[in-house]
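S.K.: can't give you the sequence, but here's the structure:
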């Protein structure tokens, strides 16, 4: 008995998870793909965050020379749209990836990360992907078979969203001009925007990041709140944004996504 060898593997990676696999993706084979798997005696297994396909080495002849394995990708994370910078759907177009377009490393997107270049009109997407019910997040076609048993690893890479971080600092005796938000090295990286009213009627001092900052599952950088005139630490490690809350502001050049963080001293 020869056992099973790798035919191909597929996963979605994400900058939000430091470039590692996104654990919330499910790859669902189309009906035609399920028939192909059964007739070709292929074993599909979920291994952590990736989908792996194996063939029986004693029965490789059951595989067509080349066949298309088609998958609908869904995401179980309701916050995925909040922390992902990608055009997930656009006026009759969908994200579609084909192993024929993969680079040498198995990346299926046309650019470093998923982008508008990966959107395809529905009229150009193979009929095998026709579906009812909830639309898929993206579609993937993998070509493999008896002529290609290399066991290639494919991945779809997503980029994390960048937002303007806004700290709302409130508390008795807080004077906005006396404080600043500092990077780990002590330098000031946020601008004081004045005092604003909160929904609960209290006043807060608003500090806004000078650049758009990435949303990451494990933030490597934590900002501190310091006194301006002597540098004394007020809060050593300010909280980082939640991915469940995302706002938008209209600014010069269009809308800017913002993350609001509330700090009560």
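M.R.: Everything's here; your move. Note that this is a predicted model, so its numbers are computed, not measured.
S.K.: ranges for the helices of the chain?
M.R.: Under the criterion DSSP state H, the chain carries helices at the ranges 31-39, 80-83.
S.K.: Give the closest residue to residue 64 in space, chain neighbours not counted.
M.R.: residue 145 (4.9 Å; CB to CB, 6 or more residues apart in numbering). Where C-beta positions appear, they are placed from N, C-alpha and C, glycine not excepted.
S.K.: bridging residues for that neighbour?
M.R.: Taking DSSP bridges, one obtains residue 148 as the residues bridged to residue 145.
S.K.: which residues does it contact?
M.R.: 40, 63, 64, 65, 66, 67 (CB atoms under 8 Å, 6 or more residues apart in numbering).
S.K.: Please apply the same query to residue 249.
M.R.: Residue 249 touches 164, 255, 256, 258, counting by CB under 8 Å, 6+ apart.
S.K.: burial count for the last one?
M.R.: Residue 258 sits with 19 neighbouring residues when counted by other CB atoms under 10 Å.
S.K.: And the third one, by the same measure?
M.R.: As a burial measure, residue 256 scores 15 neighbours (other CB under 10 Å).
S.K.: wait, it sits on residue 248?
M.R.: Yes. Counting by CB atoms under 8 Å, residue 248 is a contact partner of residue 256 at 6.8 Å.
S.K.: Residue 129 and residue 123, how far apart?
M.R.: 12 Å (CB to CB, to the nearest Å).
S.K.: Neighbour count for these two, which is higher?
M.R.: residue 129 (19 against 7).
S.K.: can you tell me how far the more buried one sits from residue 20?
M.R.: Distance from residue 129 to residue 20, by CB to CB: 27 Å.
S.K.: for residue 109, same thing?
M.R.: From residue 109 to residue 20 the distance is 16 Å (CB to CB).
S.K.: that older thread, would you check which pair of the contacts of residue 249 lies furthest apart?
M.R.: Comparing every pair within the contacts of residue 249 by CB to CB identifies 164 and 255 as the most remote, at 10.9 Å.
S.K.: more crowded one of the two?
M.R.: More crowded of residue 164 and residue 255, by other CB under 10 Å: residue 164, with 20 against 9.
S.K.: Give me the spatial nearest neighbour of the more buried one, chain neighbours excluded.
M.R.: residue 258 (4.7 Å).
S.K.: ok, what's across the strand from the one you found?
M.R.: Beta-bridge partners, per DSSP bridges, of residue 258: residue 164, residue 247.
S.K.: so who does it touch?
M.R.: Applying CB under 8 Å, 6+ apart, the residues near residue 258 are 163, 164, 165, 166, 246, 247, 248, 249.
S.K.: neighbouring contacts of the helix or strand of the chain with the lowest mean pLDDT?
M.R.: In the chain, no helix or strand scores lower on mean pLDDT, DSSP states H and E than strand 89-90, which sits at a mean of 76. By CB under 8 Å, 6+ apart, the list of residues contacting strand 89-90 from outside reads 95, 116, 119, 135.
S.K.: hey, where'd the strands end up in the stretch 1-150 of the chain?
M.R.: 4-14, 25-29, 42-47, 50-56, 67-75, 89-90, 93-98, 119-121, 138-144 (DSSP state E, counting those that start in this stretch).
S.K.: I'd like to know which of those lies nearest to residue 220.
M.R.: If we rank the strands of the stretch 1-150 of the chain by CB to CB, the stretch that ends up nearest is strand 4-14, at 15.7 Å.
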